[in-house]
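# fold the following and give me the result.
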Amino acid sequence: MSALEETAPGQLPRLLAGLKPHRQLSLGEHLALHGSLALGERRPLFPLLEASGLRGRGGAGFPTARKLHAVAGCRGRPIVLVNATEGEPLSDKDKALLRHLPHLVLDGAVLLAAELRTREVVLAIAETARAELAAIASALVERRSRQHDGRIRIEVVSVPDRFIAGEETALVQYLNGGPALPTFTPPRPYERGIGKRPTLVQNAETVAQVGLIARYGPDWFRQVGTESEPGSALFTLSGAVRRPGVLEAELGVPVRELVARAGGLTQRPRALLIGGYFGSWFDAADAAALTLDDACLNERGGGLGARAIAVLPVGACGLCETVQVANYLAQESAGQCGPCVNGLAALAGGLNRLAERPTGNEADAIKRWARQVQGRGACRHPDGAARFIASAIDVFAAEIEHHHRHRRCPHPGVRLLHLPAEGRT
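Next up is the predicted model:
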């Protein structure tokens, strides 16, 4: 019996069990915690994932078993691609797994490869994530010295650190020798991906969950979370909380409870951004009544996305915060379709005018442009940006009025949301 099986049913942490804050878990420590999982003795993986209800943890939330089944049903020799690029600037969950618990991610990748009867795994990491690249390299040396993965080969590749580079078709195109930009579909990567082969693309956290489900089973996995969204997930909290960083919590956890687990608030909150830069702003009073699951958030026009949550205090201006992110998202455009090239530029320009030289009618125009952009892009980049911007117009009406009336920001010089250009590493 592993150490994790000896804990109370449903107890957290799961993914973060055994984490050492200042170093990575060795292979020996990992096996002592979770037990070994010999590839030749394992149970078939597909029925376990199907029964677990695991959905992708990268943002789209697609059922993991369905994706695996689609790749298995295609002709050709498949390949497993672990997407650990984590282009969302507010998220650190995948990097935390790679830095501290690399063997859990590698276990899941190897299990998926064995299920597909392939020997090839590619692990994609942002080129600026030096600590994570070093941790994975060290973990692979350990595994190879013990022939831990049999004949399965794991190749690590570094990719450009851009917001859009982690989109699965952009990632596949880059690995095929092209630019890290989304491609028009179909075919999807599961049909024709790396080297025109069927490619299973899964987020690093999703793959780590696979490593746990294969050991402990779907019933164990479902002991936390909700009926429709089972399991635990990693959340990255920033802003006005006492202990910002990565937390593991059950899906469906109330916002109030998650903030309490992060040590509570440091200042009175004005609003919460839920889902990162493709997410939505919520007034603090409204956010307090939310639970962190897509069923709840979708009803209110939001979604979990990458599960990055920023708590904006009353001493910051939500309009100016949104302006800087909108400018960044417009710059990160793939430049391949009108909604991205023209639509996002127009939205960002309108927000800049709203903050700097408001005349009184920009807000309505921005909301109209956001509706026109959504659903018309070649990828989801304009959709996410438009949703983020439109939510700000609704939530920060008071700040917009202050800019219009006084021709200045109520909180000049205060900035909370971070961007790669500001030195994020």
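
# residue ranges of the helices in the stretch 151-300 of the chain, please?
Applying DSSP state H, counting those that start in this stretch to the stretch 151-300 of the chain gives helices spanning 168-175, 204-216, 218-221, 255-261, 284-287, 294-299.

# other SSEs contacting the second one?
Here helix 204-216 is seen to pack against helix 27-34, helix 45-52, helix 64-72, strand 79-84, helix 93-100, helix 102-115, helix 218-221 when contacts are counted using 3 or more Cβ pairs under 8 Å, 6 or more residues apart in numbering; DSSP states H and E. Bear in mind the C-beta positions are built from the backbone N, C-alpha and C, glycine included.

# now that helix: buried residues?
Residues of helix 204-216 classed as buried: 204-216 (neighbour count, 16 or more other Cβ atoms under 10 Å).

# now pLDDT and distance to Leu90 too, for those residues, in a markdown table please.
Putting the buried residues of helix 204-216 into a markdown table (pLDDT from 0 to 100; distance: Cβ to Cβ, whole Å) gives the following:
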| residue | pLDDT | distance to Leu90 |
| --- | --- | --- |
| Ala204 | 97 | 16 |
| Glu205 | 97 | 15 |
| Thr206 | 97 | 19 |
| Val207 | 98 | 21 |
| Ala208 | 98 | 20 |
| Gln209 | 97 | 21 |
| Val210 | 97 | 25 |
| Gly211 | 95 | 25 |
| Leu212 | 96 | 25 |
| Ile213 | 96 | 27 |
| Ala214 | 94 | 30 |
| Arg215 | 93 | 31 |
| Tyr216 | 93 | 30 |
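
# so Asp149 sits against Gly108, correct?
No. Contact criterion Cβ atoms under 8 Å: Asp149 and Gly108 do not qualify, at 11.8 Å.

# in terms of neighbours, single out the busier of those two.
The residue with more neighbours, out of Asp149 and Gly108, is Gly108; 26 against 21, by other Cβ atoms under 10 Å.

# any idea how far Leu81 lies from Leu200?
Distance, Leu81 to Leu200, by Cβ to Cβ, to the nearest Å: 7 Å.

# give the buried residues for stretch 277-297.
Quick answer for stretch 277-297 (16+ other Cβ under 10 Å): 277-284, 287, 290-294, 296-297.

# before we move on, back to that, out of the helices of the stretch 151-300 of the chain, which gets nearest to Gly338?
helix 168-175 (18.5 Å; Cβ to Cβ).

# what comes into contact with that closest one?
Counting contacts by Cβ atoms under 8 Å, 6 or more residues apart in numbering, the residues outside helix 168-175 that touch it are 81, 83, 85, 122, 124, 157, 159-160, 164-165, 179-183, 185, 188-189, 193-194, 199, 201, 334, 379.

# so who does the nearest residue to Ala326 once chain neighbours are set aside touch?
Counting by Cβ to Cβ, 6 or more residues apart in numbering, Ala348 is the residue found nearest to Ala326 once chain neighbours are left out, at 4.3 Å. Contact analysis of Ala348 by Cβ under 8 Å, 6+ apart lists Val323, Ala326, Asn327, Leu329, Ala330.

# how much space between the last one and Gln324?
Taking Cβ to Cβ as the measure, Ala330 falls 11 Å from Gln324.

# checking my notes, Ile309 in a strand, right?
Yes. Looking at Ile309 with DSSP: H, G, I helix; E, B strand; the rest coil, it is inside a strand.

# what bridges to it?
In this entry, Ile309 is beta-bridged to Leu237, Ile274, by DSSP bridges.

# worst-scoring helix or strand of this structure, pLDDT-wise?
Sorted by mean pLDDT, DSSP states H and E, the helices and strands of the chain end with helix 338, the least confident at a mean of 75.

# quickly find the element holding the residue minimising distance to the centre of the chain.
The centre of the chain sits closest to Ala306, judged by Cα atoms, centre = their mean, with a distance of 3.0 Å. Using DSSP states H and E, Ala306 sits in no helix or strand.

# quick check: pLDDT value at it.
For Ala306, the model assigns a pLDDT of 91.

# which residues does it contact?
Gly58, Gly59, Glu86, Glu88, Leu90, Ser91, Lys93, Thr236, Gly275, Gly276, Phe278.
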